[in-house]
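# need the 3D shape of this:
(one chain, ligands or ions: 3)
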Amino acid sequence: MGIGVNNHDKIGKIYFPPLRNMYDKITPPTTGEKVTFNNGEPIVPNNPIIPFIRGDGTGIDLWPATEKVLDAAIAASYGDQRKISWFKVYAGDEACELYGTYQYLPEDTTTAIREYGVAIKGPLTTPIGGGIRSLNVALRQIHDLYACVRPCKYYTGTPSPHKTPEKLDVIIYRENTEDIYLGIEWRQGTEIAEKLINFLNTELIPATPEHGKKQIRLDSGIGIKPISKTGSQRLVRRAIYQALRLPKNKQMVTLVHKGNIMKYTEGAFRDWGYELATTEFRNECITERESWILGNKEKNPDLSIEDNAKMIDPGYDSLTPEKKAEISQEVEGVLNTIWETHGNGKWKEKIMVNDRIADSIFQQIQTRPDEYSILATMNLNGDYLSDAAAAMVGGLGMGPGANIGDECAIFEATHGTAPKHAGLDRVNPGSLILSGVMMLEYMGWQEAADLIKKGLSGAIANQEVTYDLARLMEPPVEPLKCSEFADAIIKHFND
Ligand SMILES: NC(=O)C1=CN([C@@H]2O[C@H](COP(=O)(O)OP(=O)(O)OC[C@H]3O[C@@H](n4cnc5c(N)ncnc54)[C@H](OP(=O)(O)O)[C@@H]3O)[C@@H](O)[C@H]2O)C=CC1
Ligand SMILES: O=C(O)CCC(=O)C(=O)O
Ligand SMILES: [Mg+2]
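Ligands and ions are numbered 1, 2, ... in the order given. Reported below is the predicted structural model:
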């Protein structure tokens, strides 16, 4: 029987074959059980086996600090009733040391993560220009971890370059498997790049009237940006489910895109997001434009369709007759279909779904942070936006994250390997520790998660922080080491 094939014993209990000898160079812990999944939700035993990847660069500092804090919080919360059995697996430089040159992501590692379902990792290096493609991205794609979830929340006392960082409380839901991260690109000057450019210039572009006489320069590198309806909608679906779990005043999902420029990829992401919200979640959602239409009618029940259309589209009078008719139809359609269910203010109880153009959202989260809650993005926009939002609440040292699929999840910080700080025991482990907090919450171990948040808040409030936060404090304070910060968090469990 192969790995992952379930069997049932005589009393119907699920039986998994022993896995220990299925690996080449690693051995799972002798105690502990697997996390399993049911309809995308994890079923977590009291003693789960959790694979971890230490990571390159600062991973060497971050992982021990994180493991210590997680174990201490679990022990303090549950005594010996609950415990994680950590299972060390390898990727990046450490993997090459054990498995041999260029063995950056051994099969042992991907098998273990698939088998045990929930894993946590430190950062992994990706060279720029040439060399291997990202191991981080590979792990997400191999395990189909399609939602990258990155909360950006302020902890009181954290120094920030922003005047009102406490107003930012957003969760970025970033599509995690496609967009340019699929990595389909061709280097400038290669035979295939030239062939592709010639094919585009001589056949496909001339056959597409909207492209006119455009031509691609022959000395270009070429990359492909696929955005699928499937990938977009499953991401937005997760974002909407998350919104449903939030308090009413945070039930907002903003679709972030650059659809004015990339109409059939980024623009389509927006359209598919709205389509999902207004079909699958029709009863739970209201779009921003629908709210304007209903609101106008509520304020003035005698308002004509045309006057309502003028109010939702300020440039209405200068539009073509066809466009005017389209907007009037939109108004009429909304009033006919959802007035009963969403009108008379009922829409105020629904999840607000709106959209913002990507460049604008970068300034909006700074100028109007409290107007946003969940930001649903494609892969590249979410990558940029998550670093920018983390900066507002104290920097990358405070930026946690999770990569979530339907049958697997890997938790990791937003930042990378920060090579200049590696091995110095100085970086902020808050990001990986908070990723561990997300993991505990995902597992349903809320008490341990809350204890760590309490300890972290206590350490920060007491100005016991690593260099990144210490240098921003006024006046600057003497920084703790990475390992000392972990100890400070544990100490403040008892505050
Ligand atoms: N998921 C992953 O594993 C990721 C991997 N990477 C990879 O990491 C490598 C390095 O990328 P780079 O662009 O330097 O970005 P990094 O995120 O690694 O570091 C950039 C800067 O962010 C700050 N920083 C990062 N981590 C921390 C921390 N824990 N505590 C405090 N400050 C922190 C430091 O700023 P300062 O020096 O100013 O204090 C650091 O120099 C690349 O190979 C990249 O591909 C990048 C992102 C994600
Ligand atoms: O994989 C990498 O090296 C970078 C990925 C990244 O920046 C991210 O996922 O935030
Ligand atoms: Mg990034």
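# every contact and neighbour count from this point should use C-alpha atoms.
Will do.
# what distance do you get for Q463 to G430?
Here the distance between Q463 and G430 works out to 14 Å (C-alpha to C-alpha, to the nearest Å).
# looking at these two, which is more packed in?
Applying other C-alpha atoms under 10 Å to Q463 and G430 shows that G430 carries more neighbours, namely 26 against 20.
# next, count neighbours for the nearest residue to that one once chain neighbours are set aside.
Residue nearest to G430 in three dimensions, not counting chain neighbours: M398, with 5.2 Å by C-alpha to C-alpha, 6 or more residues apart in numbering. Close neighbours of M398, defined as other C-alpha under 10 Å, add up to 29.
# offset the numbering so it begins at 672, please.
Sure, I'll start counting at 672 from here, so that last one is M1069.
# tell me the predicted confidence for M1069.
We have a pLDDT of 97 for M1069.
# can you check G802 too?
87.
# and the helices in the stretch 972-1121 of the chain, which stretches?
Using DSSP state H, counting those that start in this stretch, the helices of the stretch 972-1121 of the chain run over 976-983, 992-1013, 1029-1038, 1050-1063, 1101-1114, 1117-1132.
# now do the stretch 672-821 of the chain
Secondary structure of the stretch 672-821 of the chain (DSSP H, counting those that start in this stretch): helices located at 730-749, 764-770, 778-787, 806-813.
# of these, which is nearest ligand 2?
helix 806-813 (4.5 Å; C-alpha to the nearest ligand atom).
# enumerate the positions of the closest one that are buried.
By 16 or more other C-alpha atoms under 10 Å, the buried positions in helix 806-813 come out as L806, N807, V808, A809, L810, R811, Q812.
# can you narrow those to ones near ligand 2?
Within the set of the buried residues of helix 806-813, contact with ligand 2 (C-alpha under 6 Å from any ligand atom) is found for N807, V808.
# what about Q774, how many neighbours?
Look at Q774: counted by other C-alpha under 10 Å, it has 17 neighbours.
# now it. Nearest residue, chain neighbours left out?
The nearest residue in space to Q774 (C-alpha to C-alpha, 6+ apart) is C767, at 5.0 Å.
# in a strand, E1149, correct?
No - E1149 is assigned coil when assessed by DSSP: H, G, I helix; E, B strand; the rest coil, not a strand.
# distance check, the residue lying closest to it once chain neighbours are set aside against S831.
Nearest residue to E1149, sequence neighbours excluded (C-alpha to C-alpha, 6+ apart): A1141, at 6.4 Å. With the distance defined as C-alpha to C-alpha, A1141 ends up 11 Å from S831.
# show me the contacts for the residue nearest to Q774.
Going by C-alpha atoms under 8 Å, 6 or more residues apart in numbering, C767 touches Y773, Q774, Y775.
# cool, L1127 as well?
L1127 is in contact with G1101, A1159, I1160, H1163, counting by C-alpha under 8 Å, 6+ apart.
# test my guess that the second one contacts A1130.
In this case it means A1159. Yes - A1159 is in contact with A1130 according to C-alpha atoms under 8 Å; the separation is 5.8 Å.
# show me which residues of this structure sit near ligand 2.
Within the chain, the positions lying close to ligand 2 (C-alpha under 6 Å from any ligand atom) are T796, T797, S805, N807, V808, D1054, T1085.
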